[in-house]
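[1] How does the following fold in three dimensions:
(one chain, ligands or ions: 1)
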Amino acid sequence: MAYDTIIVDSRDGVGLITLNRPKALNALSSTLIAEVSKALDGFEADEKIGAIVITGSEKAFAAGADIKEMSSLSYMDAYLGDFITPWDRVAQCRKPVIAAVAGYALGGGCELAMMCDFILAADTAKFGQPEITLGVMPGAGGSQRLTRFVGKSKAMEMCLTGRMMDAEEAERSGLVSRIIPAEDLIDEAMKTAKKIADFSLPIVMMTKESVNRSYETTLKEGLLFERRLFHSMFATDDQKEGMAAFVEKRTAQFSNK
Ligand code: CAA
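    Numbers count the residues shown, from 1 in each chain. A predicted model of the protein is given here:
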């Protein structure tokens, strides 16, 4: 499959999507979003793929939605065209998706990273929601997901001032799971994704579903959801294999059944 705005690769059970519009700092054009969606469709359908990494360049994960493309949109273009909704494909991915962020993750770039399951940040990463400087507000989840990650005070300040957060502040405030030296970012992201891909895929997918459910429901309902999934895992071959391997002091060979 030929792509114009991304590079798609896979190894060791991990799918890698590299955003590739260097001249526009990986601005998220509609073509780029459509191509990311297509690549995700391919990885979801490929039973050899157990986890996915989305990354950008050293300078920019992505500098936001493509301002040149959207600047002349009318309200009806945005509303009837359902602008931004196709981006949801990333959040709806059933397999785990890691964002490996170096450089700028601004506006839609920060929002795209937050749609992934967790963010690994290079020490060069900079996160921000500068939409206010363009006369708009975040439109792909920035005012909602960022608030859940970092709390109201910091999210409000970032959305209202457009201030950027560096990697240290992003880690301290819970936006990213870890900081990695920039030169090691891709290797570390691929290693982390491979670790996940080596586990049982259905168990990984259910675990992802359960953690995500905690954002969308009450604690009581979430705990019930978790308990039901946990019980259902005793119907899998992989639970039998995983526990037998522990008892027999060997490495588990999961069959995704
Ligand atoms: N859309 C389109 N083009 C962009 C872009 C964007 N979001 N961000 C950068 N570019 C382009 C620039 O126009 C420039 O192109 P030309 O060479 O053709 O002029 C090229 O990328 C390089 O950018 P700069 O020269 O500006 O690079 P810099 O190093 O001086 O600055 C930057 C880097 C601080 C990231 C700056 O480019 C910038 O502020 N970009 C815009 C960030 C932004 O406002 N993002 C939010 C977009 S709105 C949004 O995302 C809405 C939403 O919630 C969905």
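
[2] residue ranges for the strands of the chain, please.
    Assigned by DSSP state E, the chain shows strands spanning 6-11, 14-19, 51-55, 60-62, 97-101, 104-106, 118-122, 126-128, 165-166, 178-180.

[3] Could you export those as TSV, including distance to the ligand, mean neighbour count and mean pLDDT?
    For glycine as for every other residue, the C-beta is placed from the backbone atoms N, C-alpha and C. Putting those into TSV (distance: least, C-beta to the nearest ligand atom, whole Å; neighbours: other C-beta atoms under 10 Å; pLDDT from 0 to 100) gives the following:
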stretch	distance to the ligand	mean neighbour count	mean pLDDT
strand 6-11	16	15	98
strand 14-19	12	23	98
strand 51-55	16	26	98
strand 60-62	6	28	98
strand 97-101	13	27	98
strand 104-106	4	27	98
strand 118-122	15	24	98
strand 126-128	8	25	98
strand 165-166	14	20	98
strand 178-180	20	18	98
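
[4] pLDDT wise, what is the residue of the stretch 101-250 of the chain found nearest the ligand at?
    Nearest residue of the stretch 101-250 of the chain to the ligand (C-beta to the nearest ligand atom) works out as residue 107 at 2.5 Å. Looking at residue 107, its pLDDT is 98.

[5] residues touching the closest residue to it other than its chain neighbours, list them.
    Among residues not flanking residue 107 along the chain, residue 64 sits closest, at 3.0 Å (C-beta to C-beta, 6 or more residues apart in numbering). Contacts for residue 64 (C-beta atoms under 8 Å, 6 or more residues apart in numbering) come out as 27, 28, 106, 107, 108, 109, 130, 131.

[6] Was I right to think the second one contacts residue 67?
    It refers to residue 28. No. Residue 28 lies out of contact with residue 67 (C-beta atoms under 8 Å); the separation is 10.2 Å.

[7] more neighbours, these two?
    Set residue 28 next to residue 67 and count neighbours by other C-beta atoms under 10 Å: residue 28 wins out with 27 against 15.

[8] What is the burial count for residue 187?
    If we define neighbours as other C-beta under 10 Å, then residue 187 has 11 of them.

[9] hmm, the longest helix along the chain touching the ligand?
    As assigned by DSSP state H, the longest helix anywhere in the chain is helix 30-45. No. Helix 30-45 stays clear of the ligand (C-beta under 6 Å from any ligand atom), getting no nearer than 10.1 Å.

[10] That helix: how far from the chain's middle?
    The chain centre lies 13 Å from the centre of helix 30-45; the measure is C-alpha atoms, centre = their mean, to the nearest Å.

[11] In it, which residues are buried?
    Within helix 30-45, the residues scored as buried using 16 or more other C-beta atoms under 10 Å are 30, 32, 33, 35, 36, 37, 39, 40, 43, 44.

[12] any idea how far the ligand is from the fifth one?
    Spelled out, it's residue 36. Going from residue 36 to the ligand by C-beta to the nearest ligand atom, to the nearest Å gives 14 Å.
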